[in-house]
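# give me a model of this one.
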Amino acid sequence: MIITHKREKLVNAIIYFAKNTKFCGKIKLMKLLYFLDFRHFKETGKSVTELEYYAWERGPVPKDLFQELEDLKPDLKAAINVIRLDKTTLQQIVSKRDFDDKYFSNREKRLLEEIAYVFENAKAEEMVEVTHLENEPWHRTLTKEGQWHKIDYLLAIDNKADSLSYEEAQERKEEIEETRRALGSA
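Model prediction:
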């Protein structure tokens, strides 16, 4: 069986963003992880956390994590606290332990740093403009497929210098999926 450490990466990415950004609530976290995964996919053909994102009305959401933040699994519960700041939805995510970078590549660590730096002082509502840009993966999915549909990582591919070609990204994505199926970790 192939070992991906996807859960360790997810938990530690959440710790990293909680420690290195202000106003890190549930919505901001969803956007930070989206940027991390889609930027990494654009450069390498593979996401960091392997989360599946969906086009919800207010932005891209990894719905499994969104739901888990209401009832934390033991590993995430040991890593963070989700503190309600008001009686509606405003929350603050606070890390309980230090970030462990041993599961991350240098590129993944660089992206964590860059994304945290850019959005360090941003509130979730200020990040909406960036996630909702026309022709970005969330916008394209919402306008072509409709709300609640899964956002295809291949929509991150463009013709900029830091992007793989569509064909190369598709090939890498298929190779990863085929390897996982063959080794029993799909």
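# rest of the way, CA atoms for contacts and neighbours
Will do.
# what's stretch 98-115 in contact with?
Taking contacts as C-alpha atoms under 8 Å, 6 or more residues apart in numbering, the residues outside stretch 98-115 that touch it are 5, 8-9, 12-13, 15-17, 32, 35-36, 39-40, 48.
# who wins for neighbours among these?
Of all those, Phe17 has the most neighbours under the rule other C-alpha atoms under 10 Å, reaching 27 neighbours.
# where along this protein do the strands fall?
With DSSP state E as the criterion, the chain has strands at 54-56, 59-61, 80-84, 91-95.
# can you put these in JSON lines and add mean pLDDT, distance to Glu114 and mean neighbour count?
Compiled in JSON lines, those are given as follows (pLDDT from 0 to 100; distance: least, C-alpha to C-alpha, whole Å; neighbours: other C-alpha atoms under 10 Å):
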{"stretch": "strand 54-56", "mean pLDDT": "97", "distance to Glu114": "24", "mean neighbour count": "21"}
{"stretch": "strand 59-61", "mean pLDDT": "95", "distance to Glu114": "20", "mean neighbour count": "25"}
{"stretch": "strand 80-84", "mean pLDDT": "91", "distance to Glu114": "22", "mean neighbour count": "16"}
{"stretch": "strand 91-95", "mean pLDDT": "93", "distance to Glu114": "19", "mean neighbour count": "20"}
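# for Lys22, which of the ones you listed is the nearest?
Taking C-alpha to C-alpha, strand 91-95 is the member of the strands of the chain nearest to Lys22, at 9.1 Å.
# got the angle between the closest one and strand 80-84?
Angle of strand 91-95 versus strand 80-84, following axes from the mean of the first three to the mean of the last three C-alpha atoms, to 10 degrees, is 160 degrees.
# partners of strand 91-95, with directions?
Each strand that strand 91-95 pairs with, and the sense of that pairing, follows from DSSP bridges: strand 80-84 (antiparallel).
# and the residue nearest to Arg58 when sequence neighbours are not counted, how far from Phe41?
Using C-alpha to C-alpha, 6 or more residues apart in numbering and skipping residues adjacent in sequence, the residue nearest Arg58 is Val128, 7.8 Å away. Counting by C-alpha to C-alpha, to the nearest Å, the separation of Val128 from Phe41 is 21 Å.
# helices and strands around the helix or strand of the chain with the lowest mean pLDDT, which ones?
Evaluated with mean pLDDT, DSSP states H and E, the helix-and-strand set of the chain has its lowest mean pLDDT in helix 166-183, which scores a mean of 86. Taking 3 or more C-alpha pairs under 8 Å, 6 or more residues apart in numbering; DSSP states H and E as contact, the helices and strands that helix 166-183 lies on are helix 26-44.
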